[in-house]
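>>> Task: produce atomic coordinates for the following.
(chains A and B)
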Amino acid sequence: MIAFRCAAVLFATLLAFAVTPAMAERLIISLSNHRVMVTSSYTGVDLVLFGSVERDQATVARRSGYDVVVTVTGPRETERTRRKGRVAGIWVNVDSRTFVNVPGYLAVLSSKPAEAIADADTQRRLQIGFDDIILPQRIGPDVADVVKEDPFRKAFVRLKEEQGLYIERENAVTFLTPTLFRADVPMPANVPFGIYEIDVKLFADGAMIAQTNTALEVIKVGFEQFVADAARDHSLLYGLATAMLALLTGWFASVVFRRD
Amino acid sequence: MQIYLPIADLPLNVFLILGMGLAIGFISGMFGIGGGFLMTPLLIFVGVTPGVAVASVASHIAASSCSGALSYWRRNAVDPPLAMMLLGGGILGTATGVWLFTLMRALDQLDLMIGLSYLTLLTVVGSLMALESLRAIMRAKSGKPIVLRRPGSHLWFHGLPIKFRFKRSRIYVSAIPIWVIGFIIGFIGAIMGIGGGFLLVPMLIYFLRVPTATVIGTSMVLTLVTMASATVMHAVTNQQVDAVLALILMVGGVIGAQFGARAGHKMTGEWLRLLLGLLVLVVGLRFAYQLVIQPQDLFSLRMTEGAP
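Here you go, the predicted model:
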């Protein structure tokens, strides 16, 4: 009786294994640095992401090779995009849209152009690329994303790209071997502080077959942290100290340059 | 050599900041102005946010005017009672200005208001100063004596009561116009985020007939006190003072101010006023240009809330 039960459990386990092997690819990633420290000499840094596609004997052969899309999303911010118009001969802000909880930093790095990786439907569903990532706007009482041709949305993405904070590169993920890839994640000098989420999607034959994620943190350290903390937590003292510094500098200069 | 600024949150070249401090310091020492109306746009131009720029410039101006004020003090070119009386009006004006500023902020067109007030003020003051000093120079060239103080040409407010004698400036005027001038400077300074020295100097010359010898030193003392308190106020209210940025600006500024003060001493008052007038006018026209010419990019971004 016991032996029969054991055999039944074993059989069920084997059956489960036999049913799932098509899903067997696993994605393993490693980031060169999970903590970006902003010090007085910080002028931006490139993080390196390595990834490997793990296969086993049961994994089915893929007709095309693998494709990877890496999406790095920075801390959320609310920003206003304003448009100028001419009123009585001078240029003033006449219209604006507020983008609510949008990434302060966004990098979409892929091994191929998105169209070559998956069809438009899949791209939209998985939010691949700037056109398909949701950027919610406040429209009246509602908060919703709009069509990608919306002038304010286009201007927002363009301005963020000009600041170097939104990065979309179609060839930034390189395969070193058919199953090993690397991607450079640029962290410019003006990166916002906070937690960044890194999402890696593996595609084959036009479908997503594996997904994994990790995170990194951008923090201020050392003297920069000390000054920033002082300015925030002891603002009166900090202000008085800065004013004293100004008076001392002025007095010191007038003593040094005294010529009488 | 790049250095990361902790409050402005961006890296800038040390020598660029130092050079800006030197240049503006030279101008401020020469004319006895703070130079905020030049430094703030410059900082914004290199990428510092307006809030941080205005707040950090305040401490830079305090340092510049401190070294300038001290060197004028040694030459007995400061009128302390006059400075104190102006300061009284200045504090009242600043408080009123801050109150109005907060009120205006509720309306979304604050940038436009600041731009327009810069434009109007700078072009009007600049052209008035340039024209007046040109006329004075012409008079001097044609051999007629320069009459800085015409005894008969008293303006109406010279007849006001509560008269004080300011020995060092050799003037005998009512306290009322002094308080009013101090108030106007404090008010405009709070609204536009400037020290107001470039307004104070001509006002003291034209309305109170303060001689050129004491006007710059006195104006510097006033700028010093208002800007030092503005630094503390900015640090407490919006925590936007970048001490590292301010320190580099200061070091450049005080050195520049020393050379500027000497250069200013060698020039006659008329030429000094003409140069300052032209400088103010040019900055004013720059604002006009910005408002009238179609901007390259109609869209702009402004962070309303988010990561620190």
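
>>> Name all residues that make contact with residue B:271.
The contact partners of residue B:271, by C-beta atoms under 8 Å, 6 or more residues apart in numbering or on different chains, come to B:133, B:137. Yep, even glycine has a C-beta here, placed from its N, CA and C like the rest.

>>> Please give the element, helix or strand, for it.
helix B:269-292 (DSSP states H and E).

>>> buried residues in that helix?
By neighbour count with 16 or more other C-beta atoms under 10 Å in any protein chain shown, helix B:269-292 contains the buried residues B:269-270, B:272-281, B:283-284, B:287-288, B:291.

>>> Using PDB, write down the CA coordinates of that helix.
C-alpha atoms of helix B:269-292 as PDB (Å, rounded to 0.1, in the frame of the first residue of the first chain):
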ATOM      1  CA  GLY B 269      32.200 109.000 -11.600                       C
ATOM      2  CA  GLU B 270      30.600 109.800 -15.000                       C
ATOM      3  CA  TRP B 271      32.500 107.100 -16.900                       C
ATOM      4  CA  LEU B 272      31.700 104.600 -14.100                       C
ATOM      5  CA  ARG B 273      28.000 105.500 -14.400                       C
ATOM      6  CA  LEU B 274      28.000 105.300 -18.100                       C
ATOM      7  CA  LEU B 275      29.600 101.800 -18.000                       C
ATOM      8  CA  LEU B 276      27.200 100.500 -15.400                       C
ATOM      9  CA  GLY B 277      24.300 102.000 -17.300                       C
ATOM     10  CA  LEU B 278      25.300 100.200 -20.500                       C
ATOM     11  CA  LEU B 279      25.900  97.000 -18.600                       C
ATOM     12  CA  VAL B 280      22.400  97.100 -17.000                       C
ATOM     13  CA  LEU B 281      20.900  98.000 -20.400                       C
ATOM     14  CA  VAL B 282      22.500  95.100 -22.100                       C
ATOM     15  CA  VAL B 283      21.200  92.600 -19.500                       C
ATOM     16  CA  GLY B 284      17.800  94.200 -19.800                       C
ATOM     17  CA  LEU B 285      17.900  93.900 -23.600                       C
ATOM     18  CA  ARG B 286      18.900  90.200 -23.200                       C
ATOM     19  CA  PHE B 287      15.700  89.600 -21.300                       C
ATOM     20  CA  ALA B 288      13.700  91.500 -23.900                       C
ATOM     21  CA  TYR B 289      15.300  89.300 -26.600                       C
ATOM     22  CA  GLN B 290      14.400  86.200 -24.700                       C
ATOM     23  CA  LEU B 291      10.700  87.300 -24.400                       C
ATOM     24  CA  VAL B 292      10.300  88.500 -28.000                       C
END
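
>>> and it, how far from the chain's centre?
Computed by C-alpha atoms, centre = their mean, to the nearest Å, the chain-centroid distance of helix B:269-292 equals 13 Å.

>>> what packs against the host helix or strand of residue B:84?
Taking DSSP H and E as the definition, residue B:84 sits inside helix B:80-105. Applying 3 or more C-beta pairs under 8 Å, 6 or more residues apart in numbering or on different chains; DSSP states H and E, we find helix B:80-105 packed against strand B:163-166, helix B:175-192, helix B:212-237.

>>> So which of the ones you listed is the most surrounded?
Mean neighbour count (mean count of other C-beta atoms under 10 Å in any protein chain shown) peaks for helix B:212-237 among the helices and strands packed on helix B:80-105, with a mean of 25.

>>> Pull up the residues of the stretch 51-200 of chain A that are close to chain B.
A:74-86, A:89-93, A:96, A:98, A:104, A:152, A:155-156, A:158-160, A:163, A:189-190, A:192-194 (C-beta under 8 Å from any C-beta of the partner chain).

>>> Can you flag which of these belong to strands?
Of the positions in these, A:76-86, A:90-93, A:96, A:98, A:194 sit in strands, assigned by DSSP state E.

>>> Among those residues, the buried ones, what's the PyMOL command?
Buried residues within those, by 16+ other C-beta under 10 Å, are selected in PyMOL with:
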select buried, chain A and resi 76+77+78+79+80+81+82+83+84+90+91+92+93+98+194
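
>>> Right, I'll leave it there.
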